[in-house]
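Asks: Got a predicted structure here, sequence first:
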Amino acid sequence: MDRRPVSLLLDCDTGVDDALALAYLCSQPQVEIVAVTSTPGNVAADQVALNNLALLELCGRPSVPVAVGSRTPLSVPLVTTPETHGPQGVGYAQLPVPQGAVSASDAVELWVEAARARPGELTALLTAPLTNFALALRAEPRLPELLKNVVIMGGSYYYQGNTTPTAEWNTHVDPHAAAEVFAAYSGQPEEKLPLVCALETTERIEMRPEHLAALAARAGCTEPEVASAGQANGTRSRASNELVRQLSDMLRFYFAFHQQHGQGYLAHIHDYFAACVAIGTTPFRTRTATVHVETEAPRLVGTTVADFRGLWGEPPNARVVADPEPEQALAELVNAVGAFAARPRT
Ligand code: BDR
Ligand code: CA
């Protein structure tokens, strides 16, 4: 794959799969991470920010600014998901206390300033509820023109949800924000429409214990890294490499969560896939659509519907990502993060 320089604004709710995405992005020298902003979702916003700071320090990018924006969704109370990602959002991992501090700037201001300062240069990657992005669009309605590209992990199209029977988590946490974002993109030129990585695609990226073991081996760990369904809850990694140890402790929790939900001892690494889409390291196709986010009907709040055929007669507002290559994406993760973990630390 062609590795072109990419300058990224990342907004996340770290989160095990957000953490993997962040570690992967840090492993890519051609990727400039301009800022990492923190939206409440998997855990509360301040915990997300602590996780982001600690991970960036662990991954050798301590000077990337980390900011917090809104601490609640736009119109509904915040719901978090410790059962999916653990009490701190990072499974069984206990990340080191960060040395750096959260930026004094508000996440929304930071996005708007960065986009205005570098028009047409920045790619936005959103792996969280769209709260901060919706607020940024309110503050600067020209964001669709100012940003080079937008990649969103969220939604579920003609595929069952992971939060309600029809709704995906990020969209369900803040459906009003998602609706505002798609409304803001209605009628934008095709190449500006958000690339949307939804569950029917991201659930195909199934990380299994063998991928973790291969990543640890690539990182030069002295002992094989074993994660298995038979291990006692809370079993911690003893890997000789710190990054591997932390990711392993996150993933063991996340594997078990998926198993408890009948999906097998594996992990859907949604946000990692969205990161690959954002930096162009995995193949995919897109389908242009008009997306509707339901905010009212009680049983359907957070449900996303895509009109791929123009039946509503409304302008498109999204490019829905399809046809991933899971084996390629998983090999990329193993090789990139494994080699990165093996790097000499200064
Ligand atoms: C999304 O929800 C979160 O729990 C994950 O981090 C991912 O962004 C998947 O539905
Ligand atoms: Ca996430």
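Replies: Sure, I can see it. Ligands and ions are numbered 1, 2, ... in the order given.
Asks: Pro209 against His258, yeah?
Replies: No: between Pro209 and His258 there is no contact under C-beta atoms under 8 Å: 11.7 Å. For every residue, glycine as well, the C-beta is placed using N, CA and C.
Asks: shared neighbours of these two, anything?
Replies: Common neighbours of Pro209 and His258, using C-beta atoms under 8 Å, 6 or more residues apart in numbering, are 265-266.
Asks: and the closest residue to ligand 2 within the stretch 51-200 of the chain, what are its bridge partners?
Replies: Nearest residue of the stretch 51-200 of the chain to ligand 2 (C-beta to the ion) works out as Thr127 at 4.2 Å. Beta-bridge partners for Thr127, by DSSP bridges, are Cys12.
Asks: Pull the number of nearby residues for it.
Replies: Number of residues near Thr127 (other C-beta atoms under 10 Å) recorded here: 30.
Asks: residues touching it, list them.
Replies: With C-beta under 8 Å, 6+ apart, Thr127 has these contacts: 10-13, 15, 17-18, 21, 153, 170, 270-271, 274-275.
Asks: now Thr72
Replies: Here Thr72 is in contact with 40, 78, 131 (criterion: C-beta under 8 Å, 6+ apart).
Asks: same thing with Val102?
Replies: 38, 46, 49-50, 53, 66-68.
Asks: Help me confirm that it is found in a strand?
Replies: No: going by DSSP: H, G, I helix; E, B strand; the rest coil, the assignment for Val102 is coil, not a strand.
Asks: What values do phi and psi take at it?
Replies: Backbone dihedrals for Val102, given as degrees, to the nearest 10, come out at phi -70, psi 140.
Asks: quick revisit: ok, and the most crowded of the contacts of Thr127?
Replies: Asp18 leads the contacts of Thr127 on contacts (other C-beta under 10 Å) with 34 neighbours.
Asks: Skip the chain neighbours and tell me the closest residue to it.
Replies: Leaving out its chain neighbours, the residue that sits closest to Asp18 by C-beta to C-beta, 6 or more residues apart in numbering is Cys12, at 4.1 Å.
Asks: where's that neighbour relative to ligand 1, distance?
Replies: According to C-beta to the nearest ligand atom, to the nearest Å, Cys12 and ligand 1 sit 8 Å apart.
Asks: Is that residue in contact with Leu20, as I believe?
Replies: No: look at Cys12 against Leu20 with C-beta under 8 Å: they stay out of range, at 10.8 Å.
Asks: Give the residue spans of the protein that score low on pLDDT.
Replies: By pLDDT under 70, the low-scoring segments of the chain are 346.
Asks: What parts of the stretch 51-200 of the chain come near ligand 1?
Replies: The stretch 51-200 of the chain comes close to ligand 1 at residues 81, 84, 127, 153, 162, 168-170, as judged by C-beta under 6 Å from any ligand atom.
Asks: can I get the residues you listed in a markdown table with secondary structure and distance to Leu300?
Replies: Output for those, formatted as a markdown table (DSSP: H, G, I helix; E, B strand; the rest coil; distance: C-beta to C-beta, whole Å):
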| residue | secondary structure | distance to Leu300 |
| --- | --- | --- |
| Thr81 | coil | 20 |
| Thr84 | helix | 21 |
| Thr127 | strand | 23 |
| Met153 | strand | 20 |
| Asn162 | coil | 15 |
| Glu168 | coil | 13 |
| Trp169 | helix | 15 |
| Asn170 | helix | 16 |
